[in-house]
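Novice: Structure of the sequence below:
(one chain, ligands or ions: 1)
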Amino acid sequence: MLVAHMSSDAPPTVVRPIPGDARIIDMHVHIVGDGSGGSGCWLRPSPARLPFAALMARHVGLSPTVLRGQLDRLYVERLLRLVRESSLDAAVILAQEQVHDDQGRVIEGAGSFHVPNDYVLKLARQYPEFLPAISIHPARPDALEELDRCLAEGAVMLKILPNCQNIDCCDRRYTRFWERMAESGLPLLAHTGGELTLPVVRPKFADPQRLTLPLECGVTVIAAHCATKSALFDPQYFPVFAKMTRVYPRLYGDISAFHVQNNRIRGDIVTRCLEAPVRERLVHGSDFPVGVFGHWAWLKGHLDWRTFRRWQRHPNVLERDYQFKRAMGFPDETFTRVNRLLRFSPSAMKANPYRRPEVPLP
Ligand SMILES: [Zn+2]
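Specialist: This next block holds a predicted model:
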């Protein structure tokens, strides 16, 4: 048991250790909002992507009318319910930074949605099922102050999309930022590979080799989607990612959005993901609210017909994604490994004292 002294005159606060590494966590879950509940979020899908956004809403069990108001509240209620009614113990919810230029100024009109750090931090304080991942462009003049502020508030991870947010992770000016993350034990989740859902501003930043500077600074880095391609003509960076895992012991990959389309499970990608050494570096994420369709996995023989039919009809997309991946042969550790990677400091635990309900408190 840890004892944290919060201030010299206050009685010591007893902080119970997070129980084991056994929680089943979906570490890649997006928060979306329209600011209707005071979240500070905004959502501006391009006219071409609007039908896609409506389909996504329907897919996760929301009426497409949520896009015309009340999205803040209805989205969180729905997500919370899905987590509570699934096999998951918790979900890491992601803030979404705005697009900045190289001088750290917001590029007005760029990007299609924004989720402030304060909103995910607040949701995590409210609901123990949620663990907060912040998002900061390291070129921001206040990047380090914002990082420290969010660390004190209990951030467990930092998420960026280098190709969509214009972040060159190898820019030497960001060295101090990565070092501060490494010192504080905050892991980095970085989008790798092509991106279909959001506008891409710097396609070459999708290459996982762009993550070498944070890795060399000692940051634990999780390459989202294991750098697999998204659209048909994207470069396939999965072999680059797989090779990098042999060089960088702190490099991991998430298996999020593997069930949305053929491109992520084509070729021998799933087979290679199920083999050592890549298998030991994988963590489970869904990329909610991105769709979960087992059709390709079934057609490629990764799922049998009965499993596919049973879970494809299941209304809980988080559970469906989890069950598909289990049936495809991802070992148990894939779903719990992230417990060891997330930052659970005493202050993080105080801000977010999540417990498995079945574990008796000491
Ligand atoms: Zn995502």
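
Novice: okay, the closest residue to Asp168 other than its chain neighbours: pLDDT?
Specialist: Nearest in space to Asp168, with sequence neighbours left out and distances taken as CB to CB, 6 or more residues apart in numbering, is Phe205 at 6.3 Å. For glycine as for every other residue, the C-beta is placed from the backbone atoms N, C-alpha and C. At Phe205, the pLDDT value in this model is 89.

Novice: same question, the one 10 residues further on
Specialist: Note for Leu215: predicted pLDDT of 96.

Novice: show me what contacts it?
Specialist: By CB atoms under 8 Å, 6 or more residues apart in numbering, the contact set of Leu215 is 221, 248, 250-251.

Novice: List buried residues within those.
Specialist: Neighbour counting over the contacts of Leu215 (16 or more other CB atoms under 10 Å) leaves 221, 248, 250-251 as the buried ones.

Novice: now for those residues, which pair is the farthest apart?
Specialist: The most widely separated members of the buried ones among the contacts of Leu215, counting by CB to CB, are Val221 and Tyr248 (7.6 Å).

Novice: that older thread, now flag whichever of the buried ones among the contacts of Leu215 is closest to Ile107.
Specialist: Nearest to Ile107 among the buried ones among the contacts of Leu215, with distances taken as CB to CB, is Val221, at 25.0 Å.

Novice: Can you classify the residue nearest to Asp168 as helix, strand or coil?
Specialist: helix (DSSP: H, G, I helix; E, B strand; the rest coil).

Novice: isn't Ile134 right next to Ile160, touching?
Specialist: No - using CB atoms under 8 Å, Ile134 is not in contact with Ile160; the gap is 9.9 Å.

Novice: burial of Arg279, as a residue count?
Specialist: Using other CB atoms under 10 Å, Arg279 has 15 other residues around it.

Novice: Which residue ranges of the stretch 101-250 of the chain form strands?
Specialist: 113-114, 130-134, 157-160, 188-191, 221-224 (DSSP state E, counting those that start in this stretch).

Novice: Which residues outside the third one are in contact with it?
Specialist: Read it as strand 157-160. 27, 92, 94-97, 131, 133-137, 147, 167, 169, 181, 186-191, 222, 341-343.

Novice: tell me the pLDDT at His59?
Specialist: pLDDT, His59: 82.

Novice: Reformat the strands of the stretch 101-250 of the chain as JSON lines; add distance to Leu198 and mean pLDDT.
Specialist: Putting the strands of the stretch 101-250 of the chain into JSON lines (distance: least, CB to CB, whole Å; pLDDT from 0 to 100) gives the following:
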{"stretch": "strand 113-114", "distance to Leu198": "8", "mean pLDDT": "94"}
{"stretch": "strand 130-134", "distance to Leu198": "16", "mean pLDDT": "96"}
{"stretch": "strand 157-160", "distance to Leu198": "12", "mean pLDDT": "98"}
{"stretch": "strand 188-191", "distance to Leu198": "9", "mean pLDDT": "97"}
{"stretch": "strand 221-224", "distance to Leu198": "12", "mean pLDDT": "97"}
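
Novice: mind putting the ones you listed in a markdown table, distance to Thr65 included?
Specialist: Output for the strands of the stretch 101-250 of the chain, formatted as a markdown table (distance: least, CB to CB, whole Å):
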| stretch | distance to Thr65 |
| --- | --- |
| strand 113-114 | 18 |
| strand 130-134 | 25 |
| strand 157-160 | 29 |
| strand 188-191 | 30 |
| strand 221-224 | 30 |
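
Novice: Identify whichever of those lies nearest to Arg23.
Specialist: strand 130-134 (9.6 Å).

Novice: Could you list the low-confidence segments of the chain?
Specialist: 1-20, 260-267, 345-362 (pLDDT under 70).

Novice: That one: helices as residue ranges?
Specialist: Counting by DSSP state H, the chain has helices at residues 50-59, 71-84, 117-126, 143-152, 162-165, 175-184, 212-216, 238-247, 269-273, 295-299, 305-312, 317-327, 333-336, 346-351.

Novice: Tell me which of those approaches Gly40 most closely.
Specialist: helix 117-126 (5.7 Å).

Novice: same for that closest one, what does it pack against?
Specialist: The contact analysis (3 or more CB pairs under 8 Å, 6 or more residues apart in numbering; DSSP states H and E) places helix 117-126 against strand 90-94, strand 130-134, helix 143-152, helix 346-351.

Novice: Just the buried residues of that helix, please?
Specialist: Applying 16+ other CB under 10 Å to helix 117-126 flags 117-125 as buried.

Novice: can you check stretch 125-134 too?
Specialist: Counting neighbours by 16+ other CB under 10 Å, stretch 125-134 gives 125, 127, 129-134 as buried.

Novice: Now render the residues you listed as CSV, adding distance to Phe324.
Specialist: Below are the buried residues of stretch 125-134 laid out as CSV (distance: CB to CB, whole Å):
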residue, distance to Phe324
Arg125, 32
Tyr127, 25
Glu129, 21
Phe130, 23
Leu131, 23
Pro132, 27
Ala133, 23
Ile134, 29
